[in-house]
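J.: sequence and predicted structure below; questions after.
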Amino acid sequence: MAPPILSFEDLGLVQGEGWLFRHLDVHVGPRDRLALIGRNGAGKTTLLKCLAGVIDTDEGKRSVVPGRRIVLLEQDPPMTGHATLEEWVLSGADAPQPHEAAAIADQLGIDLGRPTATASGGERRRAAIVRALAQEPDLLFLDEPTNHLDLAAIDWLESWLNRFQGAFIVISHDRTFLTRLTKSCLWLDRGQIRRAEVGFGGFEAWTERVYAEEERAAQKLDAKLAIELHWLQRGVTARRRRNQGRLAKLGEMREARAAMIGGPGVSKLGLAKDDAKTKTVIDAEKVVKRFGDRTVIKDFTLRIQRGDRIGIVGANGAGKTTLLKLLTGELAPDEGKIVQAKTLNGIVIDQQRKLMSPEKKVRDVLADGGDWIEVRGVKKHIKGYLKEFLFSPELTEAPVGSLSGGERSRLLLAREFARASNLLVLDEPTNDLDLETLDLLQEVIADYEGTVLIVSHDRDFLDRTVTVTLGLDGSGKVDVVAGGYEDWAKRRVPAKAVAAPRKKVDEAPRPAAPARKLSFKDQRDLDRLPGEIETLEAAIKADEAALADPDLYTRDPKRFAALMASIDRKRSDKEAAELRWLEVAEMAEGLA
């Protein structure tokens, strides 16, 4: 095994009134491909800057092999004081050679002559990539490199990194990007660092084993203390398992949608029943939109019904945001017509979202300083609601300015999802979110009763959430495909014919495997649990409705406590029932 090119031993850093992390040991080999993973606020970006030597630590020893070049690609590098992107790219003591920068810029499709003051987020991100890669690093630190990139640029970056002869550590929310590139994982969790010699594809299975070991150790502690210490870990584990069931349901929805869509190029989503008008929330017919001489959208027909999850993909400039604005009524078509249901009530979370004032407290953002928040018509205590969005209940008094960028985005999602609506519009919702928050966002979208429109470059996120994908290629044509990003990608690139293997003449036929079936108990659980889960959900809603009485605690504290205990117990029973149903459903699927 080759010696490390960078080592940091006993790394420690004080942040605020305490240690952000301490006693961390990190070693990076010359060809390492490492994913740095951790919850928002765990300190991933800070740790990356410590390893890069940008931040001075309070403890620890950093060692680098002499002559090795280390380059950090920051999320949002400062470009002030530079007139153009090219001037910034070629500035500084470690500036790349102009011809190297020009070659990479050409491949990435970025005009470095663009003024920095008017450059978009995608253009600034491309310029930062040009500067980092053109320096010919031996060790590359990448902090959310795919943010603001379109699919073509992400594919290019993946190819470059696959050919890269050095080492890299990457922070990213893009599961597909991480799965394709990484060979090992660094997990920053509760101030500790763990390393596993598995790529991101094996990360979740590894963390499940770690959590299981911790759970066994926690059983030796006081039961109440164990619950407080491990509520989040158990919630994450259960959420991932429940998402398996949601993915199965998503597959069924896609199959139903595929039956309603014609062949390639046919953009009409029809309904099999006569109640099409009552289910239709947005109806577009032969829509054309032009800007000057360019036709951005042409001959586009689409019927979106209640409950659809629509993903919109394509290169930057292909017309994704234009199509989104047409569908929501923000833009009017030049030809054709778009009709929105009169009852449509939407909330929009876009890529230019303004985060809350830093001096406000979390309590102020969620509940205007109170203890209760109305979540789509049901009152909930803000501490319980914060748990649902993976926050510690103790954060109610924390100022927004003390939260990480990802935590602020998550808080915004918590506030917006509480509002009553029947249309949810998400424009690049995955930026700045950690992987666990993405799991949560997928869960919320799956349980959302209205219609969802999503613009995203996150391929895995789309594959896990949408029922229909609208693909734009820049020519004005919009392809309508039942399924997620991968389904659209397969439609664009015809699959190569694969010849079936020939059967040997003397090969004897294999005996048929004996038929298997579920045991009596497994079959009984498979049949009864869906009804039991629905009953528990109804009971929980009833208890929550009773608990919503703001005077209940003062009037009848025992009743209040009993309701709280009842809700916790029923939620636990519901989770156990869901996990058991998933287990037997997977068994049944394997026997099908």
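T.: Cool, the structure landed.
J.: give me the domain ranges for the chain.
T.: Following automatic domain parsing, the chain resolves into domains at 6-211, 259-345+421-492, 520-591.
J.: need the contact list for Thr46.
T.: By CB atoms under 8 Å, 6 or more residues apart in numbering, the residues touching Thr46 are 13, 15, 20, 55. Every residue, glycine included, has its C-beta placed from N, CA and C.
J.: now do the SS call for it.
T.: helix (DSSP: H, G, I helix; E, B strand; the rest coil).
J.: just checking, what packs against the helix or strand encompassing Leu438?
T.: With secondary structure defined by DSSP states H and E, Leu438 is part of helix 435-447. Applying 3 or more CB pairs under 8 Å, 6 or more residues apart in numbering; DSSP states H and E, one finds that helix 435-447 contacts helix 223-260, helix 405-417, helix 459-465.
J.: ok, back up a step: TSV for the domains of the chain, including mean pLDDT and distance to Ser404?
T.: Converted to TSV, the domains of the chain look like this (pLDDT from 0 to 100; distance: least, CB to CB, whole Å):
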stretch	mean pLDDT	distance to Ser404
domain 6-211	93	4
domain 259-345+421-492	84	8
domain 520-591	79	28
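J.: for Arg410, which of the ones you listed is the nearest?
T.: Closest to Arg410 of those is domain 259-345+421-492 (CB to CB; 5.2 Å).
J.: how far does the closest one stretch from start to finish?
T.: This stretch, domain 259-345+421-492, spans 20 Å end to end (CA to CA, to the nearest Å).
J.: cool, and stretch 304-317?
T.: 24 Å.
J.: now do the buried residues in it.
T.: Going by neighbour count (16 or more other CB atoms under 10 Å), the buried part of stretch 304-317 is 304-305, 308-316.
J.: roughly how far is that stretch from the heart of the chain?
T.: On the basis of CA atoms, centre = their mean, to the nearest Å, stretch 304-317 sits 16 Å off its chain's mean C-alpha point.
J.: ranges for the strands of the stretch 201-350 of the chain?
T.: 280-291, 294-305, 309-314, 335-340, 346-349 (DSSP state E, counting those that start in this stretch).
J.: hey, least reliable of the helices and strands packed on helix 435-447 by pLDDT?
T.: With a mean of 60, helix 223-260 has the lowest mean pLDDT of the helices and strands packed on helix 435-447.
J.: okay, now the spatially closest residue to Asp460 that is not a sequence neighbour: neighbour count?
T.: Nearest non-adjacent residue to Asp460, counting by CB to CB, 6 or more residues apart in numbering: Arg175, 3.8 Å away. Arg175 sits with 21 neighbouring residues when counted by other CB atoms under 10 Å.
J.: right, and Arg175 touches Gln442 too?
T.: No - contact criterion CB atoms under 8 Å: Arg175 and Gln442 do not qualify, at 10.9 Å.
J.: next, the closest residue to Asp434 other than its chain neighbours: secondary structure please.
T.: Using CB to CB, 6+ apart and skipping the chain neighbours, the partner closest in space to Asp434 is Asn40 (4.5 Å). Here Asn40 is recorded as coil under three-state DSSP.
J.: tell me the phi and psi of Asn40?
T.: Here is the backbone geometry of Asn40 (degrees, to the nearest 10): phi -50, psi 130.
J.: tell me, what's touching Arg175 and Gln442 both at once?
T.: Counting by CB under 8 Å, 6+ apart, the contacts common to Arg175 and Gln442 are Phe461.
J.: list the residues that contact the residue lying closest to Leu327 once chain neighbours are set aside.
T.: Leaving aside its chain neighbours, Leu327 sits nearest to Ile282 (5.5 Å; criterion: CB to CB, 6+ apart). When the contact criterion is CB under 8 Å, 6+ apart, the partners of Ile282 are 302-304, 327, 338-341, 344, 451.
J.: make it 6 Å
T.: 304, 327, 340 (CB atoms under 6 Å, 6 or more residues apart in numbering).
J.: hang on, the earlier thing: the residue nearest to Asp434 against Gly406, yeah?
T.: Yes - with contact defined as CB atoms under 6 Å, Asn40 counts as touching Gly406 (3.1 Å).
J.: list residues touching both of the two?
T.: With CB under 6 Å, 6+ apart as the test, Asn40 and Gly406 both reach Asp434.
J.: Asp25 contacts Ser7, doesn't it?
T.: No - between Asp25 and Ser7 there is no contact under CB under 6 Å: 8.0 Å.
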